[in-house]
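K.L.:
turn this into a structure:
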Amino acid sequence: MGEPEQVIAEPDEQELEGIHPPTLEQQNPALITYLVTRVLSFLTAYGWYAVGFLLVGFIAWTRLEPKIKRWLKKREDDQEAAEYHKNPDILLARHQALDVARQRMQEKYNKAAYESLEKKKVREEKMREDKIAEWERMQSGKGHKLKDKSSASVSDANSTSSNSAKDKPATKPRMRPGTVWSQQHQSRAHLQ
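P.N.:
Prediction:
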């Protein structure tokens, strides 16, 4: 079946020279190369000095930082005092704003305390009414009312069964199945 042959023509070297350089190499920018070599040469020559300088600087900063913060705080307080001395209305307005904020917070707290007290009174009244109702049921001979419905069904099941040893509910063995004690316990249960 006559398939035509594919012919791949290779371009001449003269045509390629104008398009691409003869070898492709990644060239690093001169500035970056210069900076990296300078930093590396500095670290190789003075590396331990730099580490020591950083360590001394860190220790000095940890010791001086609290003193600097105190000094800045004192300076700020002095500036505020000078400003209040020049214009006492600012100080008065600030104190009034603080008093209003305190009063609002106190009212909020009082409201929350009052609501909590009311809820507590309602709960206590309900508990008192429940106790009175329970006492009246006991006096009329109706018996004790259980609070939990699931425990009520369990107590009904227990009251219908007899108290003989044969009707005891089966309990889970404490040890894992397959142990000697568990096997002996199970065989004794079958005998009874």
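
K.L.:
avg pLDDT for the helix ranked longest in the chain?
P.N.:
Determined from DSSP state H, the single longest helix within the chain is helix 30-86. Helix 30-86 comes out with an average pLDDT of 92.

K.L.:
same check on stretch 5-19?
P.N.:
The average pLDDT for stretch 5-19 rounds to 61.

K.L.:
in terms of secondary structure, what does the helix or strand encompassing A101 contact?
P.N.:
Counting by DSSP states H and E, the element that carries A101 is helix 88-140. For helix 88-140, the helices and strands in contact under the criterion 3 or more Cβ pairs under 8 Å, 6 or more residues apart in numbering; DSSP states H and E are helix 30-86. Glycine gets a C-beta too; all of them are placed from N, C-alpha and C.

K.L.:
show me what the helix it packs on is packed up against.
P.N.:
The elements that helix 30-86 packs onto, with contact taken as 3+ Cβ pairs under 8 Å, 6+ apart, are helix 88-140.

K.L.:
could you give the angle of the helix it packs on to helix 30-86?
P.N.:
An angle of 90 degrees separates the directions of helix 88-140 and helix 30-86 when computed by axes from the mean of the first three to the mean of the last three Cα atoms, to 10 degrees.

K.L.:
with adjacent residues omitted, what lies nearest to G143?
P.N.:
When the adjacent residues along the chain are set aside, G143 lies closest to R137, with 6.8 Å between them (Cβ to Cβ, 6 or more residues apart in numbering).

K.L.:
from K131, how far out is that neighbour?
P.N.:
According to Cβ to Cβ, to the nearest Å, R137 and K131 sit 11 Å apart.

K.L.:
so which of these two has more stuff around it?
P.N.:
A side-by-side neighbour count of R137 and K131, using other Cβ atoms under 10 Å, places R137 first with 13 against 10.

K.L.:
from memory the more buried one sits against D130, does it?
P.N.:
No - with contact defined as Cβ atoms under 8 Å, R137 does not reach D130; the gap is 10.6 Å.

K.L.:
K142: what secondary structure?
P.N.:
Using DSSP: H, G, I helix; E, B strand; the rest coil, the secondary structure recorded for K142 is coil.

K.L.:
now do the phi/psi pair for it.
P.N.:
Backbone torsions for K142, taken as degrees, to the nearest 10, come to phi -80, psi -20.
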